[in-house]
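K.L.:
My questions concern the predicted model and sequence given below.
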Amino acid sequence: METTLDSVLDIKVYQHRKGYRFSMDAVVLYSFVNLKRVGRIVDLGAGSGVVGLLLAKKYPDASVTLVELQEGLLKLAKKNIRTNKLADRVRAVKADIRKLSEGLEGADLVVSNPPFRKPGTGLLSPGDERAVARHELKLTLKELATAASGLLRHGGRFSIIYHPERLTELMDELRAVRLEPKRLRFVHGNVKSEAKIVLLEAVKGAGRGLKIEKPLFVYKDDGAYSDEVARIYG
């Protein structure tokens, strides 16, 4: 496929012009991570690698593994690692999240911007790359939660961006694999709209107790970015 070279924050990203392209969701998920320090990061369903690469810049001492199933996106992720001169700390591997090989366990942080639409809901994208990235064609929520839990050390964190309609299902699946929801934030288009996405952080082996942070509004009434989103983008 034809590619474009785009910039977001302090990284450059090659992505397919007509395939799956990252959105603001990736930047919002990256900004939601608030650890002071982190050693090992795994990005599940990394696509072209945006979230993992941003986190590698944010945490200069961390090693990052980008896990992606689709060959086309994996090639882009590897190219983006080289483009941003991060090959010493970041690697991209082709793997089915449901069948991860040994060697990735003990992560401090797992992040994911997964497909959140069930097959048969919403409009399937015309290209397979986008369909797989947005619909549960290759990976279910239960399988994702199980994989994340298996990768994390005790006390490690799982940060995910998801659809509010499936929040209770998300919490149930996380708790079933010892990932306790600890921090939650809703993202709205503006102050008058309902939540479009939700950010959730779960901690492996933690006790009950959930903090709900103030909502994030993307736009002002005049259509400009809110002050917080403007700060995120620098």
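P.N.:
It's in.
K.L.:
Every contact and neighbour count from this point should use C-alpha atoms.
P.N.:
Will do.
K.L.:
For Asp151, which residues are in contact?
P.N.:
No, residue 151 isn't Asp; it's Leu. Residues in contact with Leu151 (Cα atoms under 8 Å, 6 or more residues apart in numbering) are Leu104, Glu105, Gly106, Ala107, Val110.
K.L.:
filter the residues you listed to the buried ones?
P.N.:
Listed as buried from the contacts of Leu151 are Glu105, Gly106, Ala107, Val110; burial here means 16 or more other Cα atoms under 10 Å.
K.L.:
Look up phi and psi at the nearest residue to the first one once chain neighbours are set aside.
P.N.:
In this structure, Glu105 finds its nearest non-sequential neighbour in Leu151, 4.2 Å apart by Cα to Cα, 6 or more residues apart in numbering. Backbone dihedrals for Leu151, given as degrees, to the nearest 10, come out at phi -80, psi -30.
K.L.:
Check Ile11 too.
P.N.:
According to degrees, to the nearest 10, Ile11 has phi -130, psi 160.
K.L.:
And Thr70, how close does it get to Lys94?
P.N.:
No Thr there; residue 70 is Gln. Noted for Gln70: a distance of 7 Å to Lys94, by Cα to Cα, to the nearest Å.
K.L.:
And those two? Which one has more around it.
P.N.:
Gln70 (19 against 16; other Cα atoms under 10 Å).
K.L.:
Could you check how far the more buried one is from Val42?
P.N.:
17 Å.
K.L.:
same check, this time on Glu180
P.N.:
From Glu180 over to Val42 the distance is 18 Å, taken as Cα to Cα.
K.L.:
Also Leu210?
P.N.:
Counting by Cα to Cα, the gap from Leu210 to Val42 is 24 Å.
K.L.:
If you count surrounding residues, which of those two has more?
P.N.:
Per other Cα under 10 Å, whichever of Leu210 and Val42 has more neighbours is Val42, with 28 against 13.
K.L.:
Might one say that the more buried one is in contact with Asn113?
P.N.:
No. Judged on Cα atoms under 8 Å, Val42 makes no contact with Asn113 at a distance of 11.9 Å.
K.L.:
Could I get the full set of strands for the chain?
P.N.:
For the chain, the strands defined by DSSP state E cover 3-8, 11-16, 40-44, 63-68, 90-94, 107-112, 152-162, 179-188, 195-204, 211-212, 216-217.
K.L.:
and the angle for the fifth one with strand 40-44?
P.N.:
The reference is to strand 90-94. Taking axes from the mean of the first three to the mean of the last three Cα atoms, to 10 degrees, one finds strand 90-94 and strand 40-44 inclined to each other by 40 degrees.
K.L.:
by how many degrees do strand 90-94 and strand 63-68 diverge?
P.N.:
Using the same axes, to 10 degrees: strand 90-94 against strand 63-68 is 30 degrees.
K.L.:
Against which helices or strands is strand 90-94 packed?
P.N.:
Contact here means 3 or more Cα pairs under 8 Å, 6 or more residues apart in numbering; DSSP states H and E; on that basis strand 90-94 packs against strand 63-68, helix 71-83.
K.L.:
what bits of this structure have low per-residue confidence?
P.N.:
Applying pLDDT under 70 to the chain flags residues 101-102, 117-138.
K.L.:
and with 50 instead?
P.N.:
Scanning the chain for pLDDT under 50 picks out the ranges 121-124, 129, 131-136.
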